[in-house]
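Visitor: what's the 3D shape of this:
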Amino acid sequence: MNIVIIAGLIITALTGIPVLMQILKNHPKGLIILFFAEMWERFSYYGMRGILIFYLTQHFLFDDATASATYGSYTSLVYLLPLIGGIMADRYIGTRKAIAFGALLLVAGHGLMAYEGRPATETLSYGGAQYEVVSEGRGAAREVGIMVDGQLYEFSPAEGGGLQLDGLPAGASLPAVLPDGEYTMTATRDMSGVNVFYLALSLIIMGVGFLKPNISTIVGQLYPQGDPRRDSGFTLYYYGINLGAFWAAVLCGFLGQTVGWWAGFGLAGVGMALGFVVFVLGKPLLQGNGEPPNPELIKRPLFGPINREWLIYVLAILGVGIVWFMVQRNALVGTVLGISTILSLIAIAWIIAFVCKTWVQRQRMMLAVVLIFGAVVFFTLFEQAGTSLNLFADRNVDLTITPTVMQFLGVTIGTPAQLEAAGITPSGFWIDATITAAQVQSFNAGFILIFAPIFAAMWAWLAARKMDPNPTMKFGLGLVQVGLGFLVVVWAAGSGMVDSAFQMPLIMLALLYMLHTTGELFLSPVGLSEITKLSLASVVSFMMAVWFLASSIAQYVGGYIAGLMGTETVGGQVLDPAGALQTSLAGFDALGKWGVGIGVAFILISFLIKGWSHGANDPDNHPGPDLTDRGQEDGNVARPHASTPA
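Guide: Now for the predicted structure:
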């Protein structure tokens, strides 16, 4: 049994059972339906996210830059499409139908992800001859060699650059040392598998677009305005989101890297299918919420027998083709985001200059822009988790939890390699102390489950004493922490915490994720709430769109930055682990310093612009609870019924 799975079961039992009992005892029955539906949706999304970069680099043999760009295009569009899904739900089909349709697209997309096709192959060309690169396995168990004269040889970096074949005899048809520029590596891919992969991504993107912005809306509709249970209901719903993300990394990450990619992706699809079934069967418990605003309008025929509702579904499915075209073209995604950003900035400048009628309104809008900029920076750094940090965990982190074989209550604990070295052949039940690189993704969600209640209590304690930091200060502190997370790893490497295999202890990566998580809790739960409070009432929807655009930009830029930290691979395996470590550390050092520097700048300017909110954060002028895209609670936990956004 895997030690991470055991730890997850213990954490879930200790925290999940009380949560479940509280939902069943004190809240509308519809909350349990939304809890499980969103939990499984997040399970599917984070399950795929955890192993996607490895699938791209080890199955399709994309280089690091291409894989990171593809990942950036995918996640960028995932954050952009909810704008369309939200509009369609609000104006036409309602949130319940949008969620069900999005879930079906997600099930289809994740189902297609289980189809791997033939693994890509790589060929080394030298002097007119070609040599096969043979690769087997995934993750830490992956083995790669080059076939020369019928024998398989391992490789290492050559002095001065290039590739060196280890143990190659003098009379071989290929030199033992191949300098840079004298050989080429060519990958051959199963294009049917590649096209199915991009189609799967496109279905998932469109599905998230319909589901993501709408399911949390129904949570709020279950409670009358002013209902004191509303805040705790959102908190419990938020627990479900992170529980899904946690188990996705634990299970999909484990299966994807130990059993097969199909198993990891397939389990994510099974999770989404379960979420869809729960949501559909639980319709009566939703108390009629989430229905279309004008049922007669969407049922009225528009083009022959096709009514508005079905036209939306047909156009969405056709739109999958447009997404399929875009997700393969990272530069096109960047162009669209760039144009959208320029137009948004022009529109905001126009609003501040001509639509705002008072200095108070202008300063509130300017504060919103400052916070949006901070969010772009934060999530650009934070979202390295799925790309550069995932690859770093796989290549330069010792993914063992126990230093040697241990005995606890008569149960053997250790990795297979440790057991073999100790000459132990376990009989019966034993605990495998290995954590896969993809399972490291569970750290963020796990820390959220631990720290969220602590932070909620801390904010309440500070607010009661009028010591609650202003939003700009919180953003600054969050940015400092995400930057420090990277610098901790850099410091560890500089302090000699790297072994002969160019790997550092797992605890340092865990510390990085802890700092990233505490930084997230300073910044993310504040974001959307501030946008709703600071924006003019007439442009709140537009500013919300800009917030999601900012998240999309962060995903795209994050993928580009991760590509810059890429290193040369052969058969999906790093050629030079030492060089890979130094490249990653140089990138982490730059990211860390930028994060801390911009965070300090935010802290300093917070003293100058804290008055720009003009009372928007006062308890009696605070909107009710809202959710960020991650599901965090944003509203006033003390008096949710006090007022509407300023």
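
Visitor: Which residues are in contact with the closest residue to Val546 other than its chain neighbours?
Guide: Nearest non-adjacent residue to Val546, counting by Cβ to Cβ, 6 or more residues apart in numbering: Ser344, 5.1 Å away. Any C-beta I mention is one placed from the backbone N, CA and C, and that applies to glycine too. Shown in contact with Ser344 (Cβ atoms under 8 Å, 6 or more residues apart in numbering): Ala545, Val546, Leu549.

Visitor: which one of those is nearest Leu112?
Guide: Top of the list for closeness to Leu112, among the contacts of Ser344 and by Cβ to Cβ, is Leu549 at 28.0 Å.

Visitor: Where does the prediction get shaky in the stretch 401-550 of the chain?
Guide: In the predicted model, the stretch 401-550 of the chain carries pLDDT under 70 at residues 528-529, 541.

Visitor: just so I have it, where are all the helices in it?
Guide: 416-421, 442-464, 471-494, 506-534, 540-564 (DSSP state H, counting those that start in this stretch).

Visitor: can you redo the ones you listed as TSV with distance to Thr434 and mean neighbour count?
Guide: Converted to TSV, the helices of the stretch 401-550 of the chain look like this (distance: least, Cβ to Cβ, whole Å; neighbours: other Cβ atoms under 10 Å):
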stretch	distance to Thr434	mean neighbour count
helix 416-421	7	14
helix 442-464	14	17
helix 471-494	21	23
helix 506-534	10	23
helix 540-564	25	22
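
Visitor: Adding distance to Leu585 as columns, could you present these in JSON lines?
Guide: Shown next, in JSON lines, are those (distance: least, Cβ to Cβ, whole Å):
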{"stretch": "helix 416-421", "distance to Leu585": "26"}
{"stretch": "helix 442-464", "distance to Leu585": "20"}
{"stretch": "helix 471-494", "distance to Leu585": "5"}
{"stretch": "helix 506-534", "distance to Leu585": "12"}
{"stretch": "helix 540-564", "distance to Leu585": "13"}
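
Visitor: rewinding a little: how close does the residue nearest to Val546 get to Leu337?
Guide: 10 Å (Cβ to Cβ, to the nearest Å).

Visitor: okay, and the common contacts of the two?
Guide: Leu549.

Visitor: Longest helix in the protein, please.
Guide: helix 577-609 (DSSP state H).

Visitor: Tell me the buried residues in that helix?
Guide: Judged by neighbour count using 16 or more other Cβ atoms under 10 Å, the buried positions of helix 577-609 are 577, 580-581, 583-585, 587-589, 591-592, 594-596, 598-599, 602-603, 606, 609.

Visitor: hmm, back to that, for the contacts of Ser344, which one is nearest Tyr153?
Guide: Leu549 (50.2 Å).

Visitor: what's the closest non-adjacent residue to the closest one?
Guide: Using Cβ to Cβ, 6+ apart and skipping residues adjacent in sequence, the residue nearest Leu549 is Ser340, 5.8 Å away.

Visitor: Surely that neighbour is in a helix?
Guide: Yes. Assessed by DSSP: H, G, I helix; E, B strand; the rest coil, Ser340 belongs to a helix.

Visitor: now that we're looking at it, how far away is Leu381 from it?
Guide: Distance from Ser340 to Leu381, by Cβ to Cβ: 22 Å.

Visitor: between those two, which one's more packed in?
Guide: Set Ser340 next to Leu381 and count neighbours by other Cβ atoms under 10 Å: Leu381 wins out with 25 against 16.

Visitor: Please identify the buried residues of the helix or strand harbouring Arg364?
Guide: Arg364 is part of helix 359-382, with elements assigned from DSSP states H and E. Within helix 359-382, the residues that count as buried by 16+ other Cβ under 10 Å are 360-372, 374-382.

Visitor: On the pLDDT front, check the residue of the chain most remote from its centre for me.
Guide: Relative to the C-alpha centroid of the chain, counting by Cα atoms, centre = their mean, Gly171 is the outermost residue, at 50.4 Å. Gly171 carries a pLDDT value of 85.

Visitor: Make residue 1 into 20 and carry on from there
Guide: Happy to do that; since the first residue is 20 now, the last one works out to Gly190.

Visitor: Am I right that it sits in a helix?
Guide: No. Counting by three-state DSSP, Gly190 falls outside a helix, being coil.

Visitor: For Val167, see how far away it is.
Guide: 11 Å.

Visitor: tell me the contacts of the closest residue to Gly538 other than its chain neighbours?
Guide: Leaving aside its sequence neighbours, Gly538 sits nearest to Gln500 (Cβ to Cβ, 6+ apart; 3.3 Å). Contacts for Gln500 (Cβ under 8 Å, 6+ apart) come out as Leu534, His535, Thr537, Gly538, Phe541, Gly618.

Visitor: Could you check how far Gln500 is from Ala268?
Guide: Distance from Gln500 to Ala268, by Cβ to Cβ: 21 Å.

Visitor: residues near the closest residue in space to Gly226 that isn't next to it in sequence, how many?
Guide: Nearest residue to Gly226 in three dimensions, chain neighbours excluded: Leu124, at 3.2 Å (Cβ to Cβ, 6+ apart). Counted with other Cβ under 10 Å, the neighbours of Leu124 add up to 24.

Visitor: can you check Val333 too?
Guide: 12.

Visitor: picking up where we left off before, the residue nearest to Leu568 is in contact with Phe567, isn't it?
Guide: No. Between Ser359 and Phe567 there is no contact under Cβ atoms under 8 Å: 10.6 Å.

Visitor: Gly272 is in contact with Ala282, correct?
Guide: No. The criterion here is Cβ under 8 Å, and Ala282 misses it with Gly272 at 10.9 Å.

Visitor: The helix or strand harbouring Gly252 packs against which elements?
Guide: Per DSSP H and E, Gly252 falls inside helix 248-266. Here helix 248-266 touches helix 22-45, helix 49-73, helix 234-240, helix 461-483, going by 3 or more Cβ pairs under 8 Å, 6 or more residues apart in numbering; DSSP states H and E.

Visitor: so which of these gets nearest Val430?
Guide: That would be helix 22-45 among the helices and strands packed on helix 248-266, by Cβ to Cβ, at 10.1 Å.

Visitor: Next, the angle from the closest one to helix 49-73.
Guide: 160 degrees (axes from the mean of the first three to the mean of the last three Cα atoms, to 10 degrees).

Visitor: Sort out which residues of helix 22-45 are buried, please.
Guide: Buried, per 16+ other Cβ under 10 Å, within helix 22-45: Ile22, Val23, Ile24, Gly27, Ile30, Thr31, Val38, Leu39, Gln41, Ile42.

Visitor: Grab the nearest non-local neighbour of the fourth one.
Guide: So that's Gly27. Val269 (4.9 Å).

Visitor: That neighbour: what's it in contact with?
Guide: So Val269 contacts Val23, Ile24, Gly27, Gln458, Ser461 (Cβ under 8 Å, 6+ apart).

Visitor: gap between the helix holding Arg383 and the chain center?
Guide: 22 Å (Cα atoms, centre = their mean, to the nearest Å).
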